[in-house]
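Enquirer: kindly return the folded structure for what I paste below:
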Amino acid sequence: MINRSYYKDLFALKSFSNQDTISTGDSIADKDVLESLFSYGFIENRGIDGGNSNLNSGGTIYSINRYGIIVRDIL
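Expert: Just a heads-up that it's a prediction; the model follows:
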């Protein structure tokens, strides 16, 4: 899996703490990077956020899994 991953995508794993979730609507990580990390198997889908009345966009919610933690800690 790591051989097929871009370093920029892997480096985004540093954005996750062990219990943290990140939405594609957040500005923490790029939506395409999060989707790539999900397809690589480093993060898990935790549902969908519909946004709120403050015009914050929702999106897919992701959290890091055990495999992602191992790779993140090696980087």
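
Enquirer: for the rest of this, base every contact and every neighbour count on C-alpha atoms.
Expert: Will do.

Enquirer: quick one: the strands in the chain?
Expert: Along the chain, counting by DSSP state E, strands occupy 21-23, 43-49, 59-64.

Enquirer: least confident of those, on average?
Expert: Lowest mean pLDDT of the strands of the chain: strand 21-23, a mean of 84.

Enquirer: which strands and helices sit next to it?
Expert: Packing partners of strand 21-23 (3 or more Cα pairs under 8 Å, 6 or more residues apart in numbering; DSSP states H and E): strand 59-64.

Enquirer: quick one: work out the angle between the strand it packs on and strand 43-49.
Expert: Strand 59-64 runs at 150 degrees relative to strand 43-49, counting by axes from the mean of the first three to the mean of the last three Cα atoms, to 10 degrees.

Enquirer: is it possible to get TSV of the strands of the chain that adds distance to residue 14 and mean neighbour count?
Expert: Formatted as TSV, these follow (distance: least, Cα to Cα, whole Å; neighbours: other Cα atoms under 10 Å):
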stretch	distance to residue 14	mean neighbour count
strand 21-23	12	20
strand 43-49	12	16
strand 59-64	10	20
